[in-house]
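Student: The following comprises the amino acid sequence and a computationally predicted model.
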Amino acid sequence: MKIFTKWWLSPLKLTEKEAIILKGCQLILSQYDRHMEIQPNDMSYLIERESLGYSMIVNSTSIDFSNHDFIIIRDYREKFIDLVKSTIKEQVIIDRTKRFAEKSKNENLLLTRMLEKIEKND
């Protein structure tokens with residue numbers, strides 16, 4: 001049982017190509033001008049780097065990289081696809097947290113201004 005547990009917890013060893021794709025995914029996700037969409041039916045992801053015209057589609061079996069000149073479509077092992085999707089999900093969580101923090105900040109500012117107006121009219 002210990003051998004199985006160690007195998008299960010051991011980090012995924014990436015091939016050179018997988019490491020490059022993961023790094024590309026991380027770089028695209030880190031850019032301010034990228035756009036992300038999630039297809040809820042199959043939990044596939046579309047990530048676009050609009051300024052460069054690059055796009056990446058991650059579904060349950062493959063990853064597609066493309067721009068106006070090329071397209072690379074490759075099937076990958078499930079554990080690698082899961083790692084890429086996990087990376088994307090982490091960024092979605094970060095983006096959503098930032099959006100909600102900004103929304104809360106704006107709501108607090110609005111409420112504070114309302115209170116100030118009410119106090120002036122007393």
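Tutor: Happy to help now that I have it.
Student: gap between residue 111 and residue 85?
Tutor: Using Cβ to Cβ, to the nearest Å, one obtains 38 Å as the distance from residue 111 to residue 85. In short, each C-beta sits where N, CA and C put it, glycine included.
Student: higher neighbour count, those two?
Tutor: Neighbour tally, residue 111 and residue 85, criterion other Cβ atoms under 10 Å: the higher count belongs to residue 85, 19 against 10.
Student: What strand or helix carries the more buried one?
Tutor: Here residue 85, judged by DSSP states H and E, is contained in helix 78-120.
Student: What is the end-to-end distance of stretch 53-61?
Tutor: One end of stretch 53-61 sits 23 Å from the other (Cα to Cα, to the nearest Å).
Student: if you average pLDDT over it, what comes out?
Tutor: Looking at stretch 53-61 alone, the average pLDDT works out to 92.
Student: Also stretch 76-95?
Tutor: Stretch 76-95 carries an average pLDDT of 92.
Student: and what of stretch 11-22?
Tutor: Computed over stretch 11-22, the mean pLDDT rounds to 90.
Student: what's next to it, contact-wise?
Tutor: 63, 65, 74, 76, 79, 80, 83, 84, 87 (Cβ atoms under 8 Å, 6 or more residues apart in numbering).
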